[in-house]
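Trainee: sequence below, structure please.
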Amino acid sequence: MRVALVADAGSIHTQRWVTALVARGVEVDLFSERRWDGSPVPVHYLPKSRRGRIQVPLAVSLLQRRITRLRPDIVHAHYASHFGLYGALSKARPLVVSVWGADVEVFGKHHPWVNARVLRYIFNQAQAITASSHYLASLTQRYTSQPVAVIPFGIDIKNFRQYPENLVPEFRWVINKALDPVYGIDIILKAFSVLDARGLTTWRGRILGIGRDHDRLVKQSVALGVSDRVEFLGQISSPSLPENLAWADAGLYASHRESFGVAPLEMMALGRAVVAHRIGGLTEVVSEGRTGLLVTNNVPMAWADTLAPLVASPEKIRKLGENGPQWVASRYNFHDNIGQMLALYRKYAGKGDV
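Mentor: Next up is the predicted model:
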């Protein structure tokens, strides 16, 4: 089978899909604006996005010509409002469109009189639509009457294996998200300053990742008096990520918007619990009371109230972490998810007029 993927080659998610498909014997051609040095498949570069989308006609024309020459069995566009639009305008058939999150959660709400129509057009051109969560599928259904297949973006449980329980006396936490305002990292820092004021100081935290909020968050940690126990480790390489995550007892996710939740699943696969905002896809990936806890009010005081018993007795959250590996393996095994996607490909391959 030959598949043309239209996606962001610079995204780790795209790279994982490509690598997994190749391992299953699929011949892949990747169309992208960003580079992927060391890509195992041919990368066909599209014009980079510019304000006003003036690059769209050129990108679509290039995509049309290459697809006509390559004659793939499936064209799969990831991220509806961008690469999905390219796929729809190119009249590629059969076309699979995968929504990622903000392409439906955010794009459709901005200038809805235009963007909602754009999404309806894109989905109307697709033979199949996929989403990583039931929550995201329900949002997508606002713009199409077609069924939306839920195929999670799961975890490679060979790389994220269960680690032994931590035995240190302090509560350790980690955040493995981009340092961006949407992920509410400032709420977590404020919550721990509240705990300090209550005399609950036996905790340490690590923040992994990079982003535009880095400098502000570092300054905030100093101003709140927690910088002596919060480490900013920056971008962690994939091979060393499991070990860095397993250092903690729990992953904390105060996201203001979250369509799925790969980062929490990574923690749970390692045998670590999760404390997350009760929102969007996080309510699906976290089994409350079994693999973690959910915080209803996404404000520092509510987080402090939830975290206080964990700082006082870390063994409470460590017990929940023991349930994570089985939960992830039974529902979010990436190898199973690849099988689901291949089954969808086989259903539509060669059916360009469906």
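Trainee: could you export stretch 284-301 as PDB, CA atoms only?
Mentor: These are the backbone C-alpha positions of stretch 284-301, laid out as PDB (Å, rounded to 0.1, in the frame of the first residue of the first chain):
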ATOM      1  CA  GLU A 284     -11.400  10.200  28.800                       C
ATOM      2  CA  VAL A 285      -7.700   9.400  29.200                       C
ATOM      3  CA  VAL A 286      -7.700   9.700  33.000                       C
ATOM      4  CA  SER A 287      -9.800   7.200  35.000                       C
ATOM      5  CA  GLU A 288     -10.700   9.200  38.100                       C
ATOM      6  CA  GLY A 289     -10.000   7.400  41.300                       C
ATOM      7  CA  ARG A 290      -8.200   4.700  39.400                       C
ATOM      8  CA  THR A 291      -5.300   6.200  37.500                       C
ATOM      9  CA  GLY A 292      -5.500   9.700  38.800                       C
ATOM     10  CA  LEU A 293      -7.500  12.700  40.000                       C
ATOM     11  CA  LEU A 294      -9.500  15.400  38.200                       C
ATOM     12  CA  VAL A 295      -9.700  19.000  39.300                       C
ATOM     13  CA  THR A 296     -13.000  20.700  38.500                       C
ATOM     14  CA  ASN A 297     -12.100  24.300  39.100                       C
ATOM     15  CA  ASN A 298      -8.900  25.200  37.300                       C
ATOM     16  CA  VAL A 299      -7.700  27.800  39.800                       C
ATOM     17  CA  PRO A 300      -4.700  27.700  42.200                       C
ATOM     18  CA  MET A 301      -6.700  27.200  45.300                       C
END
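Trainee: can you list contacts of that stretch?
Mentor: Applying Cβ atoms under 8 Å, 6 or more residues apart in numbering, the external contacts of stretch 284-301 come out as 133-135, 184, 187, 190-191, 193-194, 250, 254, 256, 260-261, 264-265, 268, 273-279, 282-283, 302-303, 306, 317, 320-321, 323-324, 327, 332. In this view, the C-beta of every residue, glycine as well, is placed from N, C-alpha and C.
Trainee: buried ones in it?
Mentor: 284, 285, 286, 287, 291, 292, 293, 294, 295, 298, 300 (16 or more other Cβ atoms under 10 Å).
Trainee: in TSV: these, plus distance to residue 118 and secondary structure.
Mentor: Shown next, in TSV, are the buried residues of stretch 284-301 (distance: Cβ to Cβ, whole Å; DSSP: H, G, I helix; E, B strand; the rest coil):
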residue	distance to residue 118	secondary structure
284	27	helix
285	29	helix
286	32	coil
287	36	coil
291	37	coil
292	37	strand
293	38	strand
294	34	strand
295	35	strand
298	30	coil
300	38	helix
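Trainee: now flag whichever of these is closest to residue 231.
Mentor: residue 300 (20.2 Å; Cβ to Cβ).
Trainee: for the residue nearest to that closest one when sequence neighbours are not counted, grab the count of nearby residues.
Mentor: In space, and not counting its chain neighbours, residue 300 is closest to residue 190: 3.7 Å by Cβ to Cβ, 6 or more residues apart in numbering. If you count neighbours by other Cβ atoms under 10 Å, residue 190 ends up with 19.
Trainee: residue 337: which of the buried residues of stretch 284-301 is nearest?
Mentor: Scanning the buried residues of stretch 284-301 for proximity to residue 337, where the rule is Cβ to Cβ, the winner is residue 285, at 13.1 Å.
Trainee: show me the protein divided up by domain.
Mentor: As given by automatic domain parsing, the domain ranges for the chain are 2-154+333-348, 171-331.
Trainee: I'd like to know which of these is closest to residue 162.
Mentor: domain 171-331 (4.1 Å).
Trainee: Three-state assignment for residue 81, please.
Mentor: Following DSSP: H, G, I helix; E, B strand; the rest coil, we place residue 81 in the helix state.
Trainee: so how far is residue 281 from it?
Mentor: 18 Å (Cβ to Cβ, to the nearest Å).
Trainee: using CSV, write out every CA atom in stretch 83-91.
Mentor: Extracted in CSV, the C-alpha atoms of stretch 83-91 (Å, rounded to 0.1, in the frame of the first residue of the first chain):
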residue,chain,number,x,y,z
PHE,A,83,-3.3,20.4,5.6
GLY,A,84,-6.9,19.1,5.4
LEU,A,85,-7.7,22.2,3.4
TYR,A,86,-4.8,21.4,1.0
GLY,A,87,-6.1,17.9,0.6
ALA,A,88,-9.7,19.0,0.0
LEU,A,89,-8.7,21.7,-2.6
SER,A,90,-6.5,19.3,-4.4
LYS,A,91,-9.4,17.0,-5.0
